[in-house]
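Colleague: A structural model of the following input is requested.
(2 chains)
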Amino acid sequence: MSGICVILEQRGGEAKRASIEALAEALRNKDALGGSVTAVLIGSGMTAAAEQMKSSGADKVVVYDRGDLAHYSAEGYRACAAQAIQAAHATTVFVAATVQGRDLAPGIAGSACLDAGYAAECTNIEVVDGRILATRPVYAGKAIVKVSCNSDVFVLSLRPNVFSASLPGGDGVIESADPPFPEGELGAHVTSIADSAGGSKDVAEADVVVSGGRGVGGPEGFATIEALAAALNGAVGASRAVVDLGWRPHAEQVGQTGKVVSPTLYVACGISGAIQHLAGMRTSKVIVAINKDAEAPIFKVADYGIVGDLFDVVPALTKAVGELAD
Amino acid sequence: MNAICCIARVPDTATRIKVSGEGKSVDPESVQYVINPYDEFALEAAIQFKERHGGELVVIHVGSGDFSKDLRQCLAKGADRAIQLKPSAPVGPHGISALIAEKVESLLPATVFCGKQAVDGDVGATGIMLAGLLDVPAVSKVSSIEFSDDGATCTREIEGGTETIETTFPCVFTLEKGANEPRRAGLKEIMAAKKKPLDIEDVAAPASKLEVLSLELPPPRPEGRIVGEGKDCVPDLVQLLREEAKVL
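Modeller: Next comes the predicted model:
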């Protein structure tokens, strides 16, 4: 018994990029692990996505296509995935560590029929002697662990934007499968999805993040942060302190108990750099810090620092960036 | 219907992590342990559930550390009793959910509240695995929750949007930060909590499904530099970002 199953996530009939990354990583490790690669699609109206995956390099594309699967349901998707994994005799299961994947993967691992080990949010996969060694951050990235699995089946969720999405290509077989439960019997289910208001960017996905801390002084002060974020075509982030003060929504919080981000450019304005904040942004490619206090810990992780009042420095930076664009 | 709230014990988020001598775990020396931050929101939701639906509210913790003071705090806020299961060896989400499922059997049917993840391992699996073992639906990462008589309407932030999820009871909810405003216990409640039952029990640890091979600190970032003081050095910064860092 061997083989890899990749449970793909789709929205509007198209496989998500993070899922393509998981599939590509499965295909890269196929020879080292032995066995075939099965891609599993669950949803409604899956024909186009199935055709797209047929030429990905996967040996087989298993499709669960039924009306009651149109929106995500933990129970329904989990039951389909577990059935597909058993049918494929897979010992390795990859899922993208998106919000949906982080919900689905532990459910699959905990399924009585699989009783699998589970490693969440993996950032590196190695295969040594046919066995997977998975690397994953813990304590929001303050430390990194390497784990192996003692069970027959190993379920791994892979952190988005870490693995290459490049697919080798090939010609697989499409197989349609019936969900292992009657139509319409799902206890918890998604009834609607609303897109983010105003097209504002998710701080976890943005290529540039401009964050404000207590030094911004109040909710009004964030207009200055927003202006720089807009000039850089980035997202606004916030420290825990300002979220706890109610100045900004929790969705913008960067750090432990918020989001872990690794944009190309991270600009920290009026953020002292508490350890739980640093954990959430230290893997950014380039870090710029603007702070009045030259001793602030944020300067220890910043590539470039300016000591000064953010209300002087940030508008000047916004203007300079705007002039570059012109 | 009864309610169960699972509480984890984690290092405070201000903790600087040190690796222990064998290189596989965190050095517990000088670590201050607290209730997992997300579990505070789970407890508040559980208390609100009890206020509306009645029944017993039991908080349960799996771990071998000294946690009585924190569990008493949960009792002061509104839980009826607390249980600590001390496993014979460290356990992960599989083991924790299995131990909880076995222990709470007499309380079923019950609706369960957990934090979305514990901020040590950051796995986010215990609540979801527990739902599987109890054969009830799970709604994870709940950022708002509204109870009706026989179910709840929740929202969850996803990439670029918000999902609305409907569920029936019993169910497992895992709570995101900000889902509610956790209450503080008053002096009277703190005194009353001293008389509430807190049971501590030794249990055999189920076999672990994962083996930790190593735990390391991430590589340090290369030393940065202060470009200068005040807005006059903004042109220098822009030049460095363009020509050296190549990010503009």
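Colleague: Can you report phi and psi for B:Gly124?
Modeller: Main-chain dihedrals, B:Gly124, degrees, to the nearest 10: phi 70, psi 40.
Colleague: Chain neighbours aside, what residue packs nearest to it?
Modeller: For B:Gly124, ignoring the flanking residues on the chain, the nearest one in space by C-beta to C-beta, 6 or more residues apart in numbering or on different chains is B:Gln117 at 3.5 Å. No exception for glycine: its C-beta is placed from N, CA and C like everyone else's.
Colleague: just B:Ile35 next, same as before
Modeller: Per C-beta to C-beta, 6+ apart, closest to B:Ile35 is B:Asp70, 5.1 Å.
Colleague: close enough to count as contact, the one you found and B:Val34?
Modeller: Yes - at 7.2 Å, B:Asp70 and B:Val34 qualify as touching, with contact defined as C-beta atoms under 8 Å.
Colleague: and for the two, which residues touch both?
Modeller: In terms of C-beta atoms under 8 Å, 6 or more residues apart in numbering or on different chains, B:Asp70 and B:Val34 are both contacted by the residues B:Arg9.
Colleague: Start from the N-terminal end of the stretch 1-150 of chain A and give the strands.
Modeller: Here the stretch 1-150 of chain A has its strands, by DSSP state E, counting those that start in this stretch, at A:4-8, A:10-11, A:14-15, A:37-43, A:60-65, A:92-96, A:117-122, A:124-128, A:131-138, A:143-149.
Colleague: Contacts only, for A:Pro249.
Modeller: A:243, B:178.
Colleague: so how far is A:Gly215 from it?
Modeller: 19 Å (C-beta to C-beta, to the nearest Å).
Colleague: on that earlier part again, confirm the residue nearest to B:Gly124 sits in a helix?
Modeller: No - the assignment for B:Gln117 (DSSP: H, G, I helix; E, B strand; the rest coil) gives coil, which keeps it out of a helix.
Colleague: pretty sure it contacts B:Tyr38?
Modeller: Yes - checked against C-beta under 8 Å, the pair B:Gln117 and B:Tyr38 is within contact range at 6.5 Å.
Colleague: joint contacts of the two?
Modeller: Taking C-beta under 8 Å, 6+ apart as the criterion, B:Gln117 and B:Tyr38 both touch B:Thr174.
Colleague: And A:Cys269, how close does it get to B:Arg9?
Modeller: Look at A:Cys269 and B:Arg9: by C-beta to C-beta, they are 35 Å apart.
Colleague: Which one of these two is surrounded by more residues?
Modeller: A:Cys269 (28 against 21; other C-beta atoms under 10 Å in any protein chain shown).
Colleague: Return the set of residues that bridge with that one.
Modeller: A:Gly212, A:Ile290 (DSSP bridges).
Colleague: Same check on A:Val173?
Modeller: A:Lys60.
Colleague: so how many other residues sit close to it?
Modeller: 11.
Colleague: And for B:Gln32?
Modeller: Using other C-beta under 10 Å, B:Gln32 has 8 other residues around it.
Colleague: for the stretch 151-300 of chain A, what spans make up the strands?
Modeller: A:154-158, A:173-176, A:189-195, A:208-212, A:235-238, A:265-269, A:286-291.
Colleague: what packs against the last one?
Modeller: Translated: strand A:286-291. Helices and strands touching strand A:286-291, by 3 or more C-beta pairs under 8 Å, 6 or more residues apart in numbering or on different chains; DSSP states H and E, are strand A:265-269, helix A:298-301, strand A:304-307, helix A:310-325.
Colleague: most tightly surrounded among the ones you listed?
Modeller: strand A:265-269 (a mean of 28; mean count of other C-beta atoms under 10 Å in any protein chain shown).
Colleague: Can you name the residues that contact A:Ile108?
Modeller: A:7, A:78, A:81-82, A:85, A:93, A:95, A:114, A:116, A:155.
Colleague: okay if I get these as TSV plus pLDDT, neighbour count and distance to A:Leu317?
Modeller: TSV is the format used below for these (pLDDT from 0 to 100; neighbours: other C-beta atoms under 10 Å in any protein chain shown; distance: C-beta to C-beta, whole Å):
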residue	pLDDT	neighbour count	distance to A:Leu317
A:Ile7	98	31	43
A:Arg78	94	25	48
A:Ala81	98	25	47
A:Ala82	97	24	52
A:Ile85	97	27	51
A:Val93	98	30	46
A:Val95	98	30	40
A:Leu114	93	20	52
A:Ala116	96	26	49
A:Val155	98	31	45
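Colleague: Kindly identify which of the residues you listed also come near chain B.
Modeller: A:78, A:116 (C-beta under 8 Å from any C-beta of the partner chain).
Colleague: just to revisit the earlier point, out of the helices and strands packed on strand A:286-291, which is closest to A:Gly12?
Modeller: strand A:265-269 (30.2 Å; C-beta to C-beta).
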